Structures are given as structure tokens and as C-alpha cells.
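> Sequence and predicted model, in that order:
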Amino acid sequence: MTKPYRLLALVPAVAILGAPWFANRVEPRILGMPFLLGWIVFWVLMTSVVMAIIGALDVRDP
């Protein structure tokens, strides 16, 4: 059975794939990047954080 915390992996995917509908604008700029590019960079980095959380929660039997 799938563990519910593994559904956290969907959050970055939805955030990146859904970005053109709600983050498609230039302003505000993030570190000089248009907002959409900053949004995508942020979620690429957050994907690592989410995967680390899932990895920490996914305790394997020895």
C-alpha cells in the first residue's frame, strides 16, 4: 500500500506544471529573473527538499 507522505512528490510537479496558469508574469522580478523563471527555479530547488523529506520518512526495514 502506498504511504500517504509519498504524495508530497506531487507538490513540486503540480507547482511547476501549473505555473504558466498562475505565475506567468514578469513582475516581480526575483534575483533579476522574471517571476515565472524564478518560480520554476524555486520549485526545482524545493523538489530536492521534498525528496529529502520523503527519504527521511521512508524508513526501510533492515
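Alright, I've got the coordinates.

> Going by C-alpha atoms from here, please, whenever you check contacts or count neighbours.
Noted.

> where's the closest residue to R6 other than its chain neighbours relative to W43, distance?
Residue nearest to R6 in three dimensions, not counting chain neighbours: I54, with 6.3 Å by C-alpha to C-alpha, 6 or more residues apart in numbering. Distance of I54 to W43, computed by C-alpha to C-alpha, to the nearest Å: 16 Å.

> Can you list the neighbours in contact with the helix or strand of the chain with the lowest mean pLDDT?
Least confident helix or strand of the chain, by mean pLDDT, DSSP states H and E, is helix 19-22 with a mean of 83. Helix 19-22 has contacts (C-alpha atoms under 8 Å, 6 or more residues apart in numbering) with 36, 39-40.

> Any buried residues in stretch 32-43, and which?
In terms of neighbour count (16 or more other C-alpha atoms under 10 Å), stretch 32-43 has its buried residues at 34-40, 43.

> how far is that stretch from where the chain is centred?
12 Å (C-alpha atoms, centre = their mean, to the nearest Å).
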